[in-house]
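Participant: coords please:
(one chain, ligands or ions: 2)
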Amino acid sequence: AGELTLAAVDLGASSGRVMVARVAPGQLDLREVHRFPNRPVRAAGTLHWDVLGLYAGVLDGLRAAGRLDGVGIDSWAVDIGLLDADGELLGNPVHYRDARHATAVPTVHAVAGPGELYRVNGLQHLPFNTVFQLAAMRRRAGFGRARHALLVPDLLAYWLTGSVGAEVTNASTTGLLDSTTGEWAWGLIDRLELPRHLFPPLVRPGDRIGELSPEVLAETGLTGPVPVTAVGSHDTASAVVGVPAHGARFAYVSCGTWSLVGVELIRPVLTDASRVAGFTNELGVDGTVRYLRNVMGLWLLQESLRTWAAAGLPADLAELLAAAAQVPAFTAVVDPDDARFLPPGDVPARIAEVCAETGQAPPSSQAETVRCILDSLALAHRRTVRQAVRLTGRDVDVVHVVGGGARNTLLCQLTADACGLPVVAGPVEAAALGNVLVQARAAGVLAGGLPELRALLRETQATRTYRPTGDPAGWDAAERRVHGAVDD
Ligand code: ADP
Ligand code: LRH
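Facilitator: Ligands and ions are numbered 1, 2, ... in the order given. Sure thing, here's the model as predicted:
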């Protein structure tokens, strides 16, 4: 087979992009054809995604691509749009940071407690997992009209092709998929009194979803047929495919709005110790398990910049990072996973509050706040890598950092220092690369498993290695300030 031109639609919580790759054996080059901001909208007290605005961005990107042999879609997880029996969208998808979802946690736990849920779905308890979202929606007017609940990439695929399905890596983030069998957890769905018809047939990465509809071809000026192929439609699943690792002894940090920190396994770990430590068993491409933990991530920095910009303070990322590099280490450290950092709002004020509670002087400048965020994230990366190693028995020699955070040289160096391991940073667009690799393999242009796909990444994508420096004792002391003890 010859060279293919493939589009990856990759929607992150902070921006959406359409990337176009040219792929052939030994060749993989990726360029951005369109990027657009992803701005949540609060209306009538609820935080929504502007999903039609995002879809318009996708169409603009496909139009800019000019000529395509295929399309794959990935986005952030958990959030859903409901369709009625006519295929009409019933309201804008609610953002996972909306407070509504958490109100249904007790309702779900009254039916299935945390231990039982974990044994079925293997997920880190996050108050916005789809199972809680649906339990909250169930109480609302209009829910009875819902025919399908579609995760965001599946919703976009429906609009592009007319096909309804649920891609399995993303379905594994709902809390309603059995992490051992990889099928919908019908028993749990029935007990929660959720109608079975909400959950469409599962599709797997590499399956053909359909092709761009005549309407979409007309909108974008593309010439058909253009197949739409299921990829790891959870952005983190595609990003893990896009980790240029050699062998199995690696940890990864998919570092963007969230830091998703973990290892790749072939079977879930469903022990109570794993549940209590907050580890998730999301499904990956080729039947792998993404054993990882959600760490609050660069959200803390994004939201600080937004707060400062609104207050008329300097908010240039590059300048603030340069200033933070001059601040002494560990002026203050916090647990980034403190629940009060989840909702949008004044993150610098919340950091000051947490510092005061933990007997630390709050950061006294913007640069100190940024440094506190980066030290705290590096420390959380270290804590999570160590726990993953301990809970799985998987030894790791290297930490791969992919996503926008791979551009943050200070964070990459701090992560290497904290973990006491080399960090290999890049590619920044790992999710888009993982997306096109799976499409290219499905089209028969590439062959092999994840090791072969990753070998092509190593041949074609630039990375930067950071060696650990400094005294590990400083990180131990910082860990004690956050958690009172060092977890070895
Ligand atoms: P998401 O997919 O969650 O929207 P990305 O993977 O696109 O996130 O990463 C976005 C983050 O990457 C930004 O919040 C920012 O902190 C970081 N980032 C992007 N570009 C740079 C840069 N040039 N220098 C440092 N950090 C950067
Ligand atoms: C990252 C991500 C993450 C989910 C969160 C909702 O974009 O998909 O893996 O936990 O968004």
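Participant: pull up the distance across stretch 130-149, start to finish.
Facilitator: Length of stretch 130-149, first residue to last, CA to CA, to the nearest Å: 10 Å.
Participant: quick one: buried residues of that stretch?
Facilitator: In terms of neighbour count (16 or more other CB atoms under 10 Å), stretch 130-149 has its buried residues at 130-138, 143, 146-149. Backbone N, C-alpha and C define where each C-beta goes, glycine included.
Participant: then stretch 109-122?
Facilitator: So for stretch 109-122, counting by 16+ other CB under 10 Å, buried means 112, 117-122.
Participant: count of residues packed around G206?
Facilitator: By other CB atoms under 10 Å, 17 other residues sit near G206.
Participant: ugh, wrong one, E264
Facilitator: Neighbours of E264 using other CB under 10 Å come to 23.
Participant: and stretch 273-289 with ligand 2, contact?
Facilitator: No. Figure legend: stretch 273-289 not in contact with ligand 2 (CB under 6 Å from any ligand atom); closest approach 7.5 Å.
Participant: now swap in stretch 21-39 and tell me
Facilitator: No. No part of stretch 21-39 sits near ligand 2 under the criterion CB under 6 Å from any ligand atom; the closest distance found is 10.3 Å.
Participant: how distant is that stretch from the center of its chain?
Facilitator: Centre-to-centre, stretch 21-39 and its host chain are 18 Å apart (CA atoms, centre = their mean, to the nearest Å).
Participant: hang on, the earlier thing: which of the buried residues of stretch 109-122 fall in helices?
Facilitator: 117-121 (DSSP state H).
Participant: widest-spaced pair of those?
Facilitator: R119 and N121 (8.3 Å; CB to CB).
Participant: next, the contact list for whichever residue of the stretch 251-400 of the chain sits closest to ligand 1, please.
Facilitator: Residue nearest to ligand 1 within the stretch 251-400 of the chain: G256 (2.5 Å; CB to the nearest ligand atom). Contacts here follow CB atoms under 8 Å, 6 or more residues apart in numbering; on that basis G256 touches 12-14, 297-298, 403-405.
Participant: for the stretch 151-300 of the chain, which residues are neighbours of ligand 2?
Facilitator: 234-236, 257-258, 260, 294.
Participant: can you report how many residues neighbour the residue of the stretch 101-250 of the chain found nearest ligand 2?
Facilitator: Residue nearest to ligand 2 within the stretch 101-250 of the chain: T236 (3.7 Å; CB to the nearest ligand atom). T236 sits with 31 neighbouring residues when counted by other CB under 10 Å.
Participant: can you select the buried ones among the contacts of G256 for me in ChimeraX?
Facilitator: A single ChimeraX command selects the buried members of those (16+ other CB under 10 Å):
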select :12,13,297,298,403,404,405
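Participant: filter the contacts of G256 by proximity to ligand 1?
Facilitator: Among these, ligand 1 is touched by 12-14, 298, 403-405 when using CB under 6 Å from any ligand atom.
Participant: could I get the residues you listed as CSV with secondary structure?
Facilitator: Below are those laid out as CSV (DSSP: H, G, I helix; E, B strand; the rest coil):
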residue, secondary structure
G12, coil
A13, coil
S14, coil
L298, coil
G403, coil
G404, helix
G405, helix
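Participant: of all those residues, which two lie farthest apart?
Facilitator: Going by CB to CB, the pair spanning the ones next to ligand 1 among the contacts of G256 furthest: A13 and G405, at 13.0 Å.
Participant: give me the element L188 is part of.
Facilitator: helix 186-191 (DSSP states H and E).
Participant: distance from the chain centre to that helix, please.
Facilitator: A distance of 26 Å separates the centroid of the chain from that of helix 186-191, by CA atoms, centre = their mean.
Participant: I'd like to know which elements it is packed against.
Facilitator: Contacts defined by 3 or more CB pairs under 8 Å, 6 or more residues apart in numbering; DSSP states H and E place helix 186-191 against helix 114-121.
Participant: and the angle for the next helix or strand after the helix it packs on with helix 114-121?
Facilitator: Per DSSP H and E, the first helix or strand lying C-terminal to helix 114-121 is helix 130-137. In terms of direction (axes from the mean of the first three to the mean of the last three CA atoms, to 10 degrees), helix 130-137 departs from helix 114-121 by 120 degrees.
Participant: identify all contacting residues around helix 130-137.
Facilitator: 78-80, 82, 94, 96, 100-105, 107-108, 117, 121, 143, 146, 149, 151, 173-176, 188, 192, 194, 198.
Participant: 6 Å instead, please
Facilitator: 78, 100-101, 103-105, 107-108, 143, 174-176, 194 (CB atoms under 6 Å, 6 or more residues apart in numbering).
Participant: how about stretch 62-72?
Facilitator: By CB under 6 Å, 6+ apart, stretch 62-72 touches 4-8, 20, 33-34, 220-222, 226-229, 231, 435, 439.
Participant: any of those buried? List them.
Facilitator: Among the contacts of stretch 62-72, those scoring as buried are 4, 6-8, 20, 33-34, 220, 222, 226-229, 231, 435, 439 (criterion: 16+ other CB under 10 Å).
Participant: what is the neighbour count of G444?
Facilitator: Counted with other CB under 10 Å, G444 comes out at 9.
Participant: then G448?
Facilitator: Here the number of neighbours of G448 (other CB under 10 Å) works out to 11.
Participant: which SS class is it?
Facilitator: Under three-state DSSP, G448 comes out as coil.
Participant: got the contact list for the helix holding L188?
Facilitator: 111, 120, 176.
Participant: could you single out the nearest of the residues you listed to ligand 1?
Facilitator: L176 (23.8 Å).
Participant: test my guess that the closest one contacts A185.
Facilitator: Yes. Taking contacts as CB atoms under 6 Å, L176 lies within contact range of A185: 5.5 Å.
Participant: compare neighbour counts for the two and give me the winner.
Facilitator: Set L176 next to A185 and count neighbours by other CB under 10 Å: L176 wins out with 26 against 23.
Participant: contact partners for that one?
Facilitator: 131, 185, 189.
Participant: could I get those as a markdown table with distance to ligand 1 and pLDDT?
Facilitator: Below are those laid out as a markdown table (distance: CB to the nearest ligand atom, whole Å; pLDDT from 0 to 100):
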| residue | distance to ligand 1 | pLDDT |
| --- | --- | --- |
| V131 | 23 | 98 |
| A185 | 28 | 98 |
| I189 | 29 | 98 |
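Participant: what comes up buried for stretch 396-413?
Facilitator: 396, 398-408, 410-413.
Participant: scratch that, stretch 342-354
Facilitator: By neighbour count on 16+ other CB under 10 Å, the buried set for stretch 342-354 is 342, 344, 346-348, 350-352, 354.
Participant: kindly report the same for stretch 203-220.
Facilitator: For stretch 203-220, the neighbour count (16+ other CB under 10 Å) marks 203-206, 209-213, 216-217, 219-220 as buried.
Participant: spatially, which two of the residues you listed are the most separated?
Facilitator: The widest separation within those (CB to CB) is 28.3 Å, between R204 and E219.
Participant: around ligand 1, pick out the residues from the chain.
Facilitator: Contact residues, the chain versus ligand 1 (CB under 6 Å from any ligand atom): 12-15, 256-257, 298, 301-302, 317, 403-405, 407-408.
Participant: swap in 8 Å and give it another go.
Facilitator: By the rule CB under 8 Å from any ligand atom, the part of the chain lying against ligand 1 is 10-15, 38, 76, 235, 254-258, 297-299, 301-302, 317-318, 321, 403-405, 407-409, 411, 428, 431.
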